[in-house]
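here you go, sequence then predicted model.
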Amino acid sequence: MQVVASVSGRADDALASAGDTLWSSSPRLLTMWRVDGRLEAIATTPSDEPRPGPLAALGPDIVSWGAIAAPPRPDRPTHSMMELVDAAVADLGGGAGRGYRTTLAVLSPDGGRAALVLAQRRSRATAGRARTPHGPRARTAVVRLDDPLRVEVVEDGQAPISIAWAGEVLVLGLPGVAVWTGGSLAVADPTDSMYPVALSVGPGGLVAAGTAAGRILIVDPVDVRVDRSWIGHERVTALAWHPTGQRLVSGADDGSIRVWEDGAEVDGYDASGAVAALACLPNGEVVAKIGGVEGELLLLG
């Protein structure tokens, strides 16, 4: 691969694509892009409250940004992130939501459920305590966007460092890759102690997971098993399936970007900074976010 186009000075930390449409986001700004041999920003949406990723396409013109559809869906009520957080911890008592911050959030593909990972806000008074009177240190919950909101607690205590919806199944970046279908958590590989730092759901429903040890796993979330795995990098930081599901693109903190087919490397590119996010376009081009708050978007082809 080689660089086709680039845009510098970008703070985006998440990417998503559907068809020829590309989105990028930071916690307070969503950008829609036209990709036609170049990267052209065509629309931006600011937010007055932080909206953490991952970013997920719900259709060609709509995206899940911080567990809120953008633009809002006319067939669903609109809720703020704070309303969702308050609902997720309502069982802990009034005002409990103020004691938590959202680290990850994403809508289900049908837009009817919001998955949230919450971490307790730490203060000098609570530092060093395993728990406080206000509840667990971390909570993963699914909020059904009904009227009223309904909540299912997925996990109390452990905080996944990545989440993704694979159809009706919620996949969590917990050791061994955990899946949740509405009951208890099941683990695809109980012998694996590494947390997946990156997840990507393919068009056929298979989930790619990448770990800090450089391992890439292909997981069947229905049967809850690892189909295959291989070492791809020193530390995986981003993954993206090609829309056909035939190829997987991975990125690492050393700037390496690799294209895989059935576990074999078929293409690649070495960037000058850590790979923060990836997206694949139907024509085979790849968009990569490189670096941090003053990073750049690369269009690779």
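In hand now; what should we look at? Quantities reported herein were computed from a predicted structural model and do not represent experimental measurements.

show me what the helix or strand harbouring residue 83 is packed against.
Using DSSP states H and E, residue 83 maps to helix 81-88. On a contact count with 3 or more C-beta pairs under 8 Å, 6 or more residues apart in numbering; DSSP states H and E, helix 81-88 meets strand 100-107, strand 113-120, strand 138-144. Bear in mind the C-beta positions are built from the backbone N, C-alpha and C, glycine included.

how far does it sit from the chain's center?
When distances are taken as C-alpha atoms, centre = their mean, to the nearest Å, helix 81-88 is centred 19 Å away from the chain's centroid.

got the buried residues for that helix?
By neighbour count on 16 or more other C-beta atoms under 10 Å, the buried set for helix 81-88 is 81, 84-88.

mean confidence score for it?
Helix 81-88 comes out with an average pLDDT of 94.

what does stretch 30-45 give?
Averaging pLDDT along stretch 30-45 yields 95.

start and end of it, how far apart?
End-to-end distance of stretch 30-45 (C-alpha to C-alpha, to the nearest Å): 5 Å.

also stretch 167-176?
20 Å.

what's in contact with it?
108-109, 115, 140, 142, 154-155, 158, 160-165, 177-181, 185, 187-199, 201, 205, 207, 209, 219, 221-222 (C-beta atoms under 8 Å, 6 or more residues apart in numbering).

buried ones among these?
Among those, those buried by neighbour count (16+ other C-beta under 10 Å) are 108-109, 115, 140, 142, 154-155, 158, 160-165, 177-180, 185, 188-189, 192, 194-199, 201, 207, 209, 219, 221.

among the residues you listed, name the ones in strands.
115, 140, 142, 154-155, 163-165, 178-180, 185, 196-199, 201, 207, 209, 219 (DSSP state E).

contact partners for residue 243?
When contacts are counted by C-beta under 8 Å, 6+ apart, residue 243 touches 17, 203, 280-282.

what's the answer for residue 301, then?
By C-beta under 8 Å, 6+ apart, residue 301 lies in contact with 1-2, 4, 283-286.

top of those by neighbour count?
Neighbour counts for the contacts of residue 301, by other C-beta atoms under 10 Å, peak at residue 286, which reaches 25 neighbours.

how many other residues sit next to residue 245?
Per other C-beta under 10 Å, the neighbour tally for residue 245 reads 13.
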